Every structure is written in structure tokens, then in C-alpha cells.
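*Asks:* curious how this folds, go ahead:
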Amino acid sequence: MSKHVKILSFLITIISLSSCYNYRNMRLLQENNRSLPKYTPTTYSDYKIQVNDEIIYRLITTDETISKLISPQNSSSSQNQISYRVYTDGTIDIPFISSIHVEGLTLTEAALAIEKKFKEILPDAVVKLSLANKTFTIFGDAGSGIYPIYKDRLTIFQALAMSGDFNEASDRKHVRIIRNSEKGTQILEFDIRPKSLIDSKYYYIYPNDIIYVQREFSSFYKVNSYFSLLNVVSVSLSLLFSVLTYTK
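*Replies:* Below is the predicted model of the structure:
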């Protein structure tokens, strides 16, 4: 094979590998696309308290004197609130009541358990709980950072919008969520494009979730538009003619 033919073959290979992004294929909430997976709706499960979670409680009672003594952090300002960490044995220590096990309980269940303890002191006690560490983490090709979960049932789309959404080269077929659960650390991988993602087990973001979006491998060969593709072709042909002229 002559030198000219080798050069021509190399340039043709570069051109053939180059392609434009198929924006129709990149769309979210796609329906009637048989090439996409179809996810099954699941019942939403409330978040369950884990070891190292930071719990904030509020005690409500008609006895203001005792309330201020037992729970002096009761305030509308979050800066004045004190959080209590869940220990490795799953328990939490709150002043004036005995240690209580809360790991594996929802916030509602834990609030009722703590409230029951307080009722031994204050018959009309009502306890409200919230998480101090109610955040998720995102990194990769869709931005990076730690963001607050500002509402119950925060969706994957809302989480991505907070970080800046996908880039053109983001791999929408293999989005991953790293999640701690009672079964240990799970890695949930899914295609974010089908509409059936809504209400599936991948749809809602839980506290401490880590979302990872990788760059699509084939993005190295892709261009943003047909105009850019034409530029690749013209530059390649110009290079070919220059080489041929030089070698004559």
C-alpha cells in the first residue's frame, strides 16, 4: 500500500468516526421508543434514619418553663438549633430522657418514639423531628457540589437542575446513584431518558445520595453541529492535499 493511500485511509477513518449529536435521541421523557428500557412504578418509601445522621428535634408543650429547660434550642432560627448525632449502635441521646434507638425508623416513627419518652415527664408533649444533614451530592459531567434537599420527594430532574443539568457529552444511558440503605451501599444505574422513569425506584432523591454522571465515551468523536462536521471534513481534505503536494 502506497504512502498516499495510507494517508487517505487515515483521513477517511477520522471523518467516518466524526458525527453530530442526535438531539432527538438525547431528549428526556421519551415515549414509544422501543430501544429504551421500561421501568416499573414503585411505592415511595420514606427515608429511614441511618448511623451518623444529625437529628434536630422540637418539643411542643403548654409548660413553657419546662419546655425551655428541656429544649432551649426551640427557635425559628436554624442557627440556634442543636443537632444530635445517631451513634454507631443506632441510638440517640437527648437531654432528660434515656437513650433511644432510632436507626431504621422514619422521622415520623422516631418522633413518636421520642414523644412517648417525653410524655413520661410532660403528658401533653409533642415532638417534631427533622434532619440537619438533608443534602445530596452530585459530581461528574452534570456539575458538582453538595445541595440541600429543600422539599420532600425531590426528583432526579430537580436535583440535576440544581447542579446545572447535563452537558451535551453527558452519558444519559448510565446515570448512577450511590445510596446507603439497610442492605448496605447500593449503586443504582439507569437510563434517564424514558418517561417510565417517573415514579420508579430511580426517580426520587434521598438524603445522603450521591449522583454520578459520566462523560459518554463516543463524545470524543462527536461535534456539536453539521457545520462543525463540515469543518472537520474540509480541514481533513486540506491536510490531504497539502501532504500530496509536499510529497510530489
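*Asks:* what's around Ala159, how many residues?
*Replies:* 20 (other CB atoms under 10 Å). All C-beta spots, glycine's among them, are computed from the backbone N, C-alpha and C.
*Asks:* doesn't it belong to a strand?
*Replies:* No. Assigned with DSSP: H, G, I helix; E, B strand; the rest coil, Ala159 falls outside any strand and is helix.
*Asks:* now do the contacts for the residue nearest in space to the middle of the chain.
*Replies:* Against the mean C-alpha coordinate of the chain, by CA atoms, centre = their mean, the closest residue is Ile211 at 3.5 Å. Counting by CB atoms under 8 Å, 6 or more residues apart in numbering, Ile211 makes contact with 136-140, 142, 156, 159-160, 175-178, 205.
*Asks:* narrow those to those in helices?
*Replies:* Those of the contacts of Ile211 mapping onto helices are 156, 159-160, per DSSP state H.
*Asks:* mind putting these in JSON lines, distance to Asp93 included?
*Replies:* Output for the ones in helices among the contacts of Ile211, formatted as JSON lines (distance: CB to CB, whole Å):
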{"residue": "Ile156", "distance to Asp93": "35"}
{"residue": "Ala159", "distance to Asp93": "33"}
{"residue": "Leu160", "distance to Asp93": "38"}
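*Asks:* and of the residues you listed, the nearest to Lys183?
*Replies:* Ile156 (20.6 Å; CB to CB).
*Asks:* that closest one contacts Tyr206, correct?
*Replies:* No. Using CB atoms under 8 Å, Ile156 makes no contact with Tyr206, being 11.1 Å away.
*Asks:* domains for this protein, by residue range?
*Replies:* 23-43+134-219, 54-131 (automatic domain parsing).
*Asks:* ok, of these, where does mean pLDDT dip lowest?
*Replies:* Lowest mean pLDDT within the domains of the chain: domain 54-131, a mean of 86.
*Asks:* and it, how far out from the chain's middle?
*Replies:* Relative to the chain's own centre, domain 54-131 is displaced by 29 Å; criterion: CA atoms, centre = their mean, to the nearest Å.
*Asks:* and the end-to-end length of that domain?
*Replies:* End-to-end distance of domain 54-131: 6 Å, with CA to CA, to the nearest Å as the criterion.
*Asks:* kindly report the same for stretch 170-185.
*Replies:* Start-to-end, stretch 170-185 (CA to CA) is 24 Å.
*Asks:* spatially nearest residue to Lys201 (excluding sequence neighbours)?
*Replies:* Closest residue to Lys201 apart from its sequence neighbours, by CB to CB, 6 or more residues apart in numbering: Thr42 at 4.8 Å.
*Asks:* got it, and Gly104?
*Replies:* Per CB to CB, 6+ apart, closest to Gly104 is Lys48, 5.4 Å.
*Asks:* try Tyr206
*Replies:* Tyr47 (5.2 Å).
*Asks:* what comes up buried for stretch 43-51?
*Replies:* For stretch 43-51, burial by neighbour count (16 or more other CB atoms under 10 Å) applies to 47-50.
*Asks:* cool, and stretch 146-155?
*Replies:* Buried-residue list, stretch 146-155, by 16+ other CB under 10 Å: 147, 149, 154-155.
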